[in-house]
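Peer 1: Kindly generate the corresponding structure for this input.
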Amino acid sequence: MTSFPPCSVNMAACRFRAVLCRILNPFRRSADGRRFWAAQLRRPPGGAADSPAWVNRHEPAPGGRCFLWTAVALSLFSRSDDLAAETQKDEMILLLKRAKLSMYRGQLQEASGFLHRAVVLAHQTNDRQGIIYTYSLMANLAYIQGELDNAEKLFKAAMSFMLSGGTPEDDNAVIEMSLKLATIYAEQNRAELAEHGFRFCTESLEAKLKQQKEEPAEERTEELEALRKETHLLLGLCLDSRARYRASTLRLNQARQDYQEALSICRQEQGDAHPQTLVLMSDLATVLDLQGHHDEALTLIQQAVDLSRSVGHPDQHVLLGNLAGILLHAGHLEDSVRFYKEALGLARQSGDQEAVGQILEGLTEVKKRRNQEEDKKAAQN
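Peer 2: Numbers count the residues shown, from 1 in each chain. The predicted structure follows:
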């Protein structure tokens with residue numbers, strides 16, 4: 001979300017909270033899979049069609065008894081190996097759950113330890129999906145800790161496993177990781193890589209949406225509709241991320257266009273009063289304000305604030321702070337102070353210390369502007 005002080009955009013703000021329909025859960029157990037393996041263990045070696053002669057006799061054929069005991073021994077060892085692998089997978093799942101809980105609680109060192117143990121188990125069991133999932137969590141953790149180089153390597157490793165396993169390059173999961181890489185490049189000021197990454201993501205998603213739109217109506221199942229919505233929301237996420245990057249580099253016309261498209265997508269898929277719709281309205285209003293379109297910005301941010309009051313937006317203090325900042329830039333100092341003070345109270349109630357600091361800076365700016373106006377009047381008199 002945008003920040004409160006004039007002429008700045010907070011890149012660490014609220015991300016696009018689109019609820020993607022894809023839930024990548026590589027650890028879901030399949031009943032069909034269990035039945036398949038149980039059937040394989042019950043079958044004689046080689047299968048029914050080409051079973052050795054002893055299978056259909058009361059007594060084994062010459063040499064068959066030795067073969068039978070060998071087969072039983074191999075079967076026992078196989079079961080033992082399967083059980084060991086299953087135990088390792090269960091342990092891996094538990095470690096991943098603990099890692100995610102530790103990340104949620106802000107216990108990042110503990111989370112790192114759990115993830116490093118989990119990735120060893122994933123490799124030991126040759127669980128490709130487990131490796132991908134664990135690398136992704138490790139990459140996200142590195143990103144949170146500001147270890148951008150490490151995060152880049154881990155995201156690339158996860159993508160490499162996905163692509164080598166046959167996942168298409170335009171799969172939404174691959175595009176989502178590509179977007180994270182583009183965001184890392186943006187924060188590292190690697191402009192060419194960042195632009196290439198954002199362009200790959202948006203163009204790939206736009207092509208998929210066009211293809212999905214051309215499918216006959218009678219073939220559009222619920223699953224395909226869910227995929228369409230997921231893809232559309234992911235495009236909104238890409239546009240929002242690129243807009244923040246472009247705003248940070250003061251390419252305001254491009255940022256404005258991206259925000260407008262992201263806002264349109266969010267309204268279509270999640271509604272006018274969805275929390276992220278209001279975030280995008282606020283971000284777009286800030287860009288308009290930076291361009292000097294104060295009246296247009298005020299109209300938009302006021303709509304966002306009014307809707308936030310009606311739905312109880314969790315970041316209402318941020319929206320109010322942005323409204324106060326735009327009022328300040330438009331010269332409405334008294335209204336600016338009123339909304340800054342309301343925002344300050346809500347920010348303190350929510351424990352958002354970063355927002356408190358930004359609001360106080362805004363109030364300081366209002367005071368400075370007042371003093372300038374008073375000095376100007378005094379000089380004229």
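
Peer 1: Please make it C-alpha for all contacts and neighbour counts, starting now.
Peer 2: OK.

Peer 1: The stretch 151-300 of the chain: helices as residue ranges?
Peer 2: For the stretch 151-300 of the chain, helices defined by DSSP state H, counting those that start in this stretch occupy the ranges 172-187, 191-213, 222-248, 252-270, 275-290, 294-311.

Peer 1: Export these as JSON lines, with columns for mean pLDDT, mean neighbour count and distance to residue 326.
Peer 2: Shown next, in JSON lines, are those (pLDDT from 0 to 100; neighbours: other C-alpha atoms under 10 Å; distance: least, C-alpha to C-alpha, whole Å):
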{"stretch": "helix 172-187", "mean pLDDT": "96", "mean neighbour count": "22", "distance to residue 326": "26"}
{"stretch": "helix 191-213", "mean pLDDT": "95", "mean neighbour count": "17", "distance to residue 326": "29"}
{"stretch": "helix 222-248", "mean pLDDT": "94", "mean neighbour count": "21", "distance to residue 326": "16"}
{"stretch": "helix 252-270", "mean pLDDT": "97", "mean neighbour count": "20", "distance to residue 326": "16"}
{"stretch": "helix 275-290", "mean pLDDT": "95", "mean neighbour count": "26", "distance to residue 326": "6"}
{"stretch": "helix 294-311", "mean pLDDT": "95", "mean neighbour count": "18", "distance to residue 326": "7"}
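
Peer 1: can those helices go into CSV with extra columns for distance to residue 348?
Peer 2: Output for the helices of the stretch 151-300 of the chain, formatted as CSV (distance: least, C-alpha to C-alpha, whole Å):
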stretch, distance to residue 348
helix 172-187, 29
helix 191-213, 36
helix 222-248, 26
helix 252-270, 29
helix 275-290, 20
helix 294-311, 17
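
Peer 1: out of those helices, nearest to residue 360?
Peer 2: Smallest distance to residue 360 across the helices of the stretch 151-300 of the chain (C-alpha to C-alpha): 18.3 Å, for helix 275-290.

Peer 1: So which elements touch that closest one?
Peer 2: Counting contacts by 3 or more C-alpha pairs under 8 Å, 6 or more residues apart in numbering; DSSP states H and E, helix 275-290 packs against helix 252-270, helix 294-311, helix 316-329.

Peer 1: angle of the first one against helix 222-248?
Peer 2: Going back to what we said before, that points to helix 252-270. Counting by axes from the mean of the first three to the mean of the last three C-alpha atoms, to 10 degrees, helix 252-270 lies at 150 degrees to helix 222-248.

Peer 1: Repeat that for the last one.
Peer 2: Orientation note: helix 316-329 sits at an angle of 40 degrees relative to helix 222-248 (the same axes, to 10 degrees).

Peer 1: So which bits of helix 316-329 are buried?
Peer 2: Buried residues in helix 316-329, counting neighbours by 16 or more other C-alpha atoms under 10 Å, are found at 316-329.

Peer 1: And the next helix or strand past it?
Peer 2: Next along the chain after helix 316-329, taking DSSP states H and E as the criterion, comes helix 333-350.

Peer 1: tilt between that following helix and helix 316-329?
Peer 2: Using the same axes, to 10 degrees: helix 333-350 against helix 316-329 is 160 degrees.

Peer 1: what about helix 333-350, average pLDDT?
Peer 2: Throughout helix 333-350, pLDDT has a mean value of 95.

Peer 1: Show me the contact partners of it.
Peer 2: Contact with helix 333-350 is made by 316-318, 320-321, 323-328, 353, 355-356, 359-360, 362-363, 366, 370, as judged by C-alpha atoms under 8 Å, 6 or more residues apart in numbering.

Peer 1: gap between that helix and the chain center?
Peer 2: With C-alpha atoms, centre = their mean, to the nearest Å as the basis, helix 333-350 stands 31 Å off its chain's centre.

Peer 1: mind checking how far the nearest residue to residue 288 once chain neighbours are set aside is from residue 190?
Peer 2: Excluding the flanking residues, the one nearest residue 288 by C-alpha to C-alpha, 6 or more residues apart in numbering is residue 297, at 5.4 Å. Going from residue 297 to residue 190 by C-alpha to C-alpha, to the nearest Å gives 31 Å.

Peer 1: residue contacts, the spatially most central residue of the chain?
Peer 2: Geometric centre of the chain, nearest residue: residue 176, 7.2 Å, by C-alpha atoms, centre = their mean. By C-alpha under 8 Å, 6+ apart, the contact list for residue 176 reads 201, 234.

Peer 1: cool, residue 206 as well?
Peer 2: With contacts taken as C-alpha under 8 Å, 6+ apart, residue 206 has the following neighbours: residue 235.

Peer 1: where in the stretch 51-200 of the chain is pLDDT low?
Peer 2: Low-confidence segments of the stretch 51-200 of the chain (pLDDT under 70): 51-85.

Peer 1: what do you get if the cut-off is 80, keeping everything else the same?
Peer 2: Where the stretch 51-200 of the chain drops to pLDDT under 80, the residues are 51-86.
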